[in-house]
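[1] Based on what follows, work out the 3D shape:
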Amino acid sequence: MGLDTVELIIAFEERFGISIPNNEAARLTTPRRVTYYIMHRGANGGMSREQVAAAVRRVIEKQTGTYDFSEDDHFVDDMHLD
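    Numbering: from 1, shown residues only. Model prediction:
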């Protein structure tokens with residue numbers, strides 16, 4: 001996992017108040033997987049799936065400066081994070 005991806009995972013941890021172990025972080029390769037992970041962990045704070053997905057999108061946009069991506073775009077392959 002490259003520095004860009006590590007920084008993105010840290011931003012998700014800060015936004016949602018969770019700690020993501022390295023072995024689980026390695027599997028969080030798309031916005032959809034991050035959203036599912038947050039929902040599954042119960043870290044959504046009462047937000048709906050759509051609200052969590054929107055919050056995940058905002059974190060990605062702020063952290064990477066990338067705005068044109070789908071929930072299934074891969075952070076490394078499609079968004080070119082290292």
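[2] Could you report the neighbour count for the nearest residue to E71 once chain neighbours are set aside?
    For E71, ignoring the flanking residues on the chain, the nearest one in space by Cβ to Cβ, 6 or more residues apart in numbering is R32 at 4.0 Å. C-beta coordinates here come from the backbone N, C-alpha and C atoms, glycine included. The burial metric for R32, expressed as a neighbour count using other Cβ atoms under 10 Å, is 15.
[3] cool, I20 as well?
    Using other Cβ under 10 Å, I20 is surrounded by 20 other residues.
[4] now the residue nearest to E71, what's its secondary structure?
    Three-state call for R32 (DSSP: H, G, I helix; E, B strand; the rest coil): helix.
[5] show me what contacts it?
    A53, E71, D72 (Cβ atoms under 8 Å, 6 or more residues apart in numbering).
[6] Weed out the non-buried ones from the residues you listed.
    For these, a burial check counting by 16 or more other Cβ atoms under 10 Å picks out A53.
[7] Pipe the contacts of R32 into CSV and attach distance to T64 and pLDDT per row.
    As requested, those are exported to CSV (distance: Cβ to Cβ, whole Å; pLDDT from 0 to 100):
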residue, distance to T64, pLDDT
A53, 16, 97
E71, 15, 97
D72, 16, 97
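[8] any chance of the contacts of R32 in CSV, with secondary structure and distance to F16 too?
    CSV is the format used below for those (DSSP: H, G, I helix; E, B strand; the rest coil; distance: Cβ to Cβ, whole Å):
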residue, secondary structure, distance to F16
A53, helix, 12
E71, coil, 17
D72, coil, 20
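[9] From the contacts of R32, pick the one nearest G65.
    Distance to G65, by Cβ to Cβ, is smallest for E71 among those, at 18.3 Å.
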